[in-house]
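K.L.:
sequence and predicted model, in that order:
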Amino acid sequence: MVDSVSLRTNHQSSSAIRAIIRNRRKIEAVIHNARLDSTIRTTQSFKDYLWQQLGHQQLIIQPPVL
């Protein structure tokens, strides 16, 4: 879990940083997803993981009828 995030550079003000990072849960979700991706890639390619999740069946998404 992230306790603090420090992104300040000489070119950015703290208010600009706050505008970029507004939701702690989003940051935690990004970190969680990156760790999950890293874990998956240690055993197989991400493409193979996705095909496994889909049962090796092509996913066909129908556009909504307007």
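P.N.:
That came in fine, so what should we check first?
K.L.:
drop to CA atoms for contacts and neighbour counts, all remaining ones
P.N.:
OK.
K.L.:
determine the longest helix present in the chain.
P.N.:
helix 24-43 (DSSP state H).
K.L.:
what's the average pLDDT for that one?
P.N.:
Averaging pLDDT along helix 24-43 yields 89.
K.L.:
could you identify the helix or strand that succeeds that helix?
P.N.:
Following helix 24-43 in sequence order, the next helix or strand is helix 46-53 (DSSP states H and E).
K.L.:
mind giving me the packing neighbours of the longest helix of the chain?
P.N.:
helix 46-53 (3 or more Cα pairs under 8 Å, 6 or more residues apart in numbering; DSSP states H and E).
K.L.:
compute the inter-axis angle for the helix it packs on and helix 24-43.
P.N.:
Taking axes from the mean of the first three to the mean of the last three Cα atoms, to 10 degrees, helix 46-53 and helix 24-43 form an angle of 100 degrees between their directions.
K.L.:
how about the CA coordinates for helix 46-53, as PDB?
P.N.:
Presented in PDB, the C-alpha positions along helix 46-53 are these (Å, rounded to 0.1, in the frame of the first residue of the first chain):
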ATOM      1  CA  PHE A  46      -0.400 -11.400 -21.100                       C
ATOM      2  CA  LYS A  47      -1.900 -12.500 -24.400                       C
ATOM      3  CA  ASP A  48      -1.900 -16.200 -23.300                       C
ATOM      4  CA  TYR A  49      -3.500 -15.100 -19.900                       C
ATOM      5  CA  LEU A  50      -6.300 -13.300 -21.700                       C
ATOM      6  CA  TRP A  51      -7.000 -16.200 -24.000                       C
ATOM      7  CA  GLN A  52      -7.100 -18.500 -21.000                       C
ATOM      8  CA  GLN A  53      -9.600 -16.200 -19.300                       C
END
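K.L.:
can you list the helices and strands that that helix packs against?
P.N.:
In terms of contacts (3+ Cα pairs under 8 Å, 6+ apart), helix 46-53 is packed against helix 24-43.
K.L.:
before I go, just wanted to say thanks for your time.
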